[in-house]
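In: Predicted model follows, preceded by the sequence.
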Amino acid sequence: MKEHHLAQINIAQAQDEMDTPIMQGFVNRLEEINALADNADGFIWRLQSEEGDTTSIRVFDDPLLLVNMSVWQDIASLKNYVYRTAHVELIQDREAWFNKIKPKHQALWWVLAGHIPTIEEGKERLDYLREHGPSAHAFIFAKPFEPK
């Protein structure tokens, strides 16, 4: 059996540009939170610019729609980072910086070990999840699927 890793994409709509006062609390924590991910158990890769930033990567027509993608060894590693580290503080404070997105804003899927997903792949998985619901192709934490 081939080894698989967990890929994830999530999007968030910022309330304003990153250099505005309303976004300052979020921006001030980015370096800390990114370093936390980079050093987390089970972390493999994250989407970032040459400067180590993801907020400058524009994927959607809406310039305030931010994208985050990463690859982890397994679901437990990602869950631990998201919910059991300082990262959870950003989730708890997200309403201060981000507008609520009604359709699903995160998708998880399995990739073969060594595969780095493209932005297009991430967008396709998120769109699939929104249209079809959780499946082995794209799922959520609450309804995980085993790798094929």
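Out: Cool, the structure landed. Numbers count the residues shown, from 1 in each chain.
In: The helix or strand bottoming out on mean pLDDT in the chain - contacts with which helices or strands?
Out: Using mean pLDDT, DSSP states H and E, the weakest-scoring helix or strand in the chain turns out to be helix 87-92, at a mean of 92. Applying 3 or more Cβ pairs under 8 Å, 6 or more residues apart in numbering; DSSP states H and E, we find helix 87-92 packed against helix 24-38, helix 75-84. (Glycine included, C-beta is placed from N, CA and C.)
In: mind checking how far residue 76 is from residue 39?
Out: Counting by Cβ to Cβ, to the nearest Å, the separation of residue 76 from residue 39 is 17 Å.
In: out of the two, which sits in the busier spot?
Out: Taking other Cβ atoms under 10 Å, residue 76 and residue 39 do not tie; residue 76 has more neighbours (12 against 9).
In: picking up where we left off before, which stretch among the helices and strands packed on helix 87-92 is buried most, on average?
Out: Neighbour counts (mean count of other Cβ atoms under 10 Å) averaged over each of those peak at helix 75-84, with a mean of 16.
In: Return the list of helices and strands in contact with that helix.
Out: strand 4-14, strand 65-72, helix 87-92.
In: re earlier: just checking, next helix/strand downstream of the least confident helix or strand of the chain?
Out: strand 98-99 (DSSP states H and E).
In: quick check, distance from the helix or strand following that next one to the centre of its chain.
Out: Note on strand 98-99: by DSSP H and E, the next helix or strand toward the C-terminus is strand 106-112. Computed by Cα atoms, centre = their mean, to the nearest Å, the chain-centroid distance of strand 106-112 equals 11 Å.
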